[in-house]
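In: only the shape, not the letters, is given here:
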């Protein structure tokens, strides 16, 4: 088989699909070429993917490999809940949950490492991850971040060692993402020095609260703090829920079980309501706002709006960890599906000709490699997010601006990675056919559990709108303090843009500039700067377009302004997504710069290009409509992607091996080599049968022979 | 509120989003306009949607409303299996399963009606639908269609009344979609007048066989028929599996349980293997091929290939019914999500200003209405498929060509509708936020069950490739018998096409022709003929492009031909999908012609336009790259879609009501009006509190007042 070997970064001739085994790829000599096919340094790449908190991840992965923590499939939700609660104790016993807590209380003040480790638990059982998140990431975190020393001393030890399983009682039935409007009240009663926690109506029930149905003894309850006739907005209160002995609700407290869910059934989500439940004044978690004995309210943050966002700021930790868990789940799915696809033969496995394996099919490569590329991008972007998170929470870089940037980054990345995880799990399950649907192969189980990640801790669509608003605000800010000349130039530029759209001048110009060489166009597209320019331009233009359309919306009457905004809601969300995709692409590109091994760099560059080109392909109509790509150049995108798929094919196994997950994490029957064993057995049988002369003749072959016998004169 | 009322088919000014209740929409006088807003005649539309087999559907829906048939959520797979088996008996007792069987045996020879009714069972429990499908649609059907009178008399009564639960044992572990290569053998032993059924190796185990793990007493086993040293290809054999008393496997038969699956856990899928199991010669289902006592093989179909496809032809029934069930599931999901979205308010439900409901948001409309439009299209297309199926199976139109057309139509529509069902269920679940994830709201449960519909009874990707091959064959046929002159003209036309792509002349031409009026461009796009032209042109061009690229592939050596084919696999599948979408669009358009009520016609035309325009938007880059749409015209597509969303908004409830499913089918807690009740209660509470003067003052309001008080001189 003659083969033209690719030069790093070159296009060359597409290598043939067959016969490139992993070992051949890893061993340049095997190709017999002077200019060797690049090889991936799996160990080094694996280390890079582990990131800054590699040790925490390694530790958590070792733990996640313990069978005691693995999801048992087929349990009822009741049994699963019991198992998950037991697993939390197992985590405590193995010292796996205290990293974020204060050193004084046995923690390590390590925020980044804590989240990194926590994310990895998703490979054992997403219910375990989220149940641990409820207990320590939400309930414990709220006491730690919103409470003060007395609260820490009183409750954190019990929370840390699971003596007090608890709830984070914020969401209400009537309000999903709109926390500011929750209706539960905490009225201060100066007579008794107590707050009265009360649910005024059914829509104000706390809903979807983890640990609420069964396990929760305590809760941090969010309610409108009212004292001296003034509502000071949402504050957090520590409330005992159940009698530790009988596990019965305390007087005035009631609730119900949310029942079976689409997944995450190891968590006992439930509803809670309060009928004038009295708690001591000191149960107000008073770090950012306090009520004195005489009922006077005081806060270190004068603006109620800023105070609210500061108190809710700790929630970002949940979004950060969901982003990371979503990436981990995508890695698990791709590892299983790609391993299987290198073994499975769709047709004629037992015939004498060795047919292609699934992964040699173009469509199969498209389905899996584009998602592999996105997974790498999302992983590198997550590492950036985690570092930003650690900077803020460790106090290293903790300005208001840092916190806002962190919020925006999390709001941008979490939607993309969680949607991507669902998409990847589903595509992998389908790529494995019916076998992908068996629980023994894990995809369907993981997908069911990850499903709710796209709407909890901030609905993805709502989060992207937050990002869009930030983009619009930045856009407006950019032009706030400029003098008339600059503004005029900007307006001219805008107008020119419009004119270009209208007349297509720019497109025609680019079209003329293109020499007609597909090769040249492809080079421009695979050029890093070329991709950056296209992706960046799209975000800027989309934001500017919506900004221009919404100009003056804030000066309209509320209703009309909202209507105008609504007319552009779809574009706004699309712009936010484009922004988040650009962030992923930039993170991938930055990570490339850190790769030392030349072979790895070549292969990862192909993968980054595949990611970038896929983004451009997904939005190709935008680039065409807006004159950013000529018809001719646009027509090269698909072909170039197809060529990248062929180049990446020999390295696919290495690229999933670098994720570093063992069989104890993947736990998919089809990813164990069983398929190859079966094929080897079938081939051996057919060979033996042929050798023995016992093999029946095919009727078809017989017919062909007879037909030939009937026309002896033709030769 | 001033409102410009839409003229039928006109663009007008977008109606405002708020305040248009269902009753206002249904009652033109309520808008106070002379030219009334069109209203949907829900009853008449509902009748049209029920289609030709309305009675069978009504009967099946009534049955599917019985609580005895409803899925009980949260069962273990073992419990669920027991329940589903009991439900099959319930179906027998209610005479719901015999419609397709011969009248002589108590059936009705009604194939279309049988499938129509069977599809509706999905609303009760997809496990029930598929378990019934295994028993009567596959196992019973195989005995009926592949067997002869003796077989019918011997086994059909027991199959029909469930005395013999059975399996359709075709698929093997080593072969998913490639039935021709199954490795199980049936060797004829002339001495004993028996066939010896044998599994030669692990890859040849029958896998994923419904009823195999627990319930199956008998099976139709597909195996390579070998007699006198010749393999005559795949044939079907009746094999007893288990002792009816002990339920133990008979000697030589073994198997294992497929265990828990991602859904459909009411079905006991399992694996089967045979160790030289002997069955009487007469157990060969011999309608299309028989072995005489002396071992001589005979068949009424001389070609082994055609014989194989004839025997497998009965499988199309499964694909037809999955297509219909997928449409039904989409309807259920949209009914629940749209009802909820007309009540749920995302922000400030308890404040005095009445905020918009979810369905007033542009993005929400986009998410749900585009899928509503596709569901209508898929439903109308399914009705065509069902009629074609009935024509063939009733014998009314049963030529080879009819059968091929039926196969192709089913292979085109089933992938689109089943993927659409998953997409719709997921989008609806997300559109309902976390509540959508609770099993009490059904989306997650239905989605889990429907998941495997995209890979069973023919993997969707494989089916689309079959369609593509048919399109290519038709394309080749079209040019097979033409004389040189015609061919030359065709080649010229092709070359011109290429030239146009290369120079963009056509685009420039269209661009110049466009006068710059957005209005005019939009009219062209919403014009029925305009949409048809764009959609048809795309399919033809894609097929022609691939056809040209593959020219001569069949004359290449096998390996090179396959490699060339593989390089265009992605385009081929895309072309098949475009073809199937066109079929859906045409079916929708034909259905429009049958609508008598003018208001209904107007609204449904908007919905058809939304479907057509969404298809064009999804493939906009293709239309731009290939010069079919100018930049300017392409830029109007999104806006036009947004305007359609606003027009459809007031009719959304009517459009889901016309699906005709009652609460007993939808069974989603959020679609019962509970949300509105909660909001009414909250509003009443807030009103009463305000009236009493007890309402606390907001700190924000207080701050604003103080600020105002501090600057008294400013006015």
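Out: Thanks, I have the structure now. Small disclaimer: the values here were computed from a predicted structure and weren't measured. Residues are numbered from 1 along each chain as shown, chains lettered A, B, ... in the order given.
In: show me where the stretch 151-300 of chain A has strands.
Out: With strands called from DSSP state E, counting those that start in this stretch, the stretch 151-300 of chain A shows them at A:166-169, A:185-189, A:194-198, A:206-209, A:218-227, A:230-240, A:253-257, A:270-274, A:277-280, A:290-291, A:297-298.
In: any idea which of these is most buried?
Out: Comparing those by mean neighbour count (mean count of other Cβ atoms under 10 Å in any protein chain shown), strand A:166-169 ranks first with a mean of 30. C-beta coordinates here come from the backbone N, C-alpha and C atoms, glycine included.
In: when you scan it, is anything in it near chain B?
Out: No. Interface with chain B: strand A:166-169 contributes nothing (Cβ under 8 Å from any Cβ of the partner chain), its closest point being 13.9 Å away.
In: pLDDT (mean, whole number) over that strand?
Out: Computed over strand A:166-169, the mean pLDDT rounds to 98.
In: wait, what's in contact with the closest residue to chain B within the stretch 351-500 of chain A?
Out: When scored by Cβ to the nearest Cβ, the stretch 351-500 of chain A has residue A:444 as its residue closest to chain B, at 2.5 Å. Contact criterion Cβ atoms under 8 Å, 6 or more residues apart in numbering or on different chains gives A:429, A:436, A:437, A:438, B:261, B:262, B:263, B:448, B:451 as the residues in contact with residue A:444.
In: what's the distance between the fifth one and chain A?
Out: Spelled out, that is residue B:261. Taking Cβ to the nearest Cβ, to the nearest Å as the criterion, residue B:261 is separated from chain A by 5 Å.
In: who are the contact partners of that residue?
Out: Applying Cβ under 8 Å, 6+ apart, we find residue B:261 in contact with A:437, A:438, A:439, A:444, B:77, B:269, B:452.
In: kindly report the same for the second one.
Out: If you count contacts by Cβ under 8 Å, 6+ apart, residue A:436 has them with A:337, A:428, A:429, A:430, A:443, A:444, A:670, B:455.
In: before we move on, the earlier item: could you dump the contacts of residue B:261 into JSON lines and include distance to residue B:96, pLDDT and secondary structure?
Out: JSON lines is the format used below for the contacts of residue B:261 (distance: Cβ to Cβ, whole Å; pLDDT from 0 to 100; DSSP: H, G, I helix; E, B strand; the rest coil):
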{"residue": "A:437", "distance to residue B:96": "27", "pLDDT": "97", "secondary structure": "helix"}
{"residue": "A:438", "distance to residue B:96": "30", "pLDDT": "97", "secondary structure": "strand"}
{"residue": "A:439", "distance to residue B:96": "31", "pLDDT": "97", "secondary structure": "helix"}
{"residue": "A:444", "distance to residue B:96": "30", "pLDDT": "97", "secondary structure": "helix"}
{"residue": "B:77", "distance to residue B:96": "25", "pLDDT": "97", "secondary structure": "helix"}
{"residue": "B:269", "distance to residue B:96": "23", "pLDDT": "98", "secondary structure": "coil"}
{"residue": "B:452", "distance to residue B:96": "23", "pLDDT": "97", "secondary structure": "helix"}
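In: enumerate the residues of the stretch 551-700 of chain A near chain B.
Out: For the stretch 551-700 of chain A, the residues in contact with chain B under the definition Cβ under 8 Å from any Cβ are A:562-563, A:566-570, A:573, A:617, A:620-621, A:624-627, A:630-632, A:634-635, A:638, A:642, A:677-679, A:681-682, A:685, A:696-700.
In: so what's the residue positioned nearest the centre of chain A closest to, chain neighbours aside?
Out: Closest to where the C-alpha atoms of chain A average out (Cα atoms, centre = their mean) is residue A:417, at 2.4 Å. The spatially closest residue to residue A:417, leaving aside those adjacent along the chain, is residue A:326, at 4.1 Å (Cβ to Cβ, 6 or more residues apart in numbering or on different chains).
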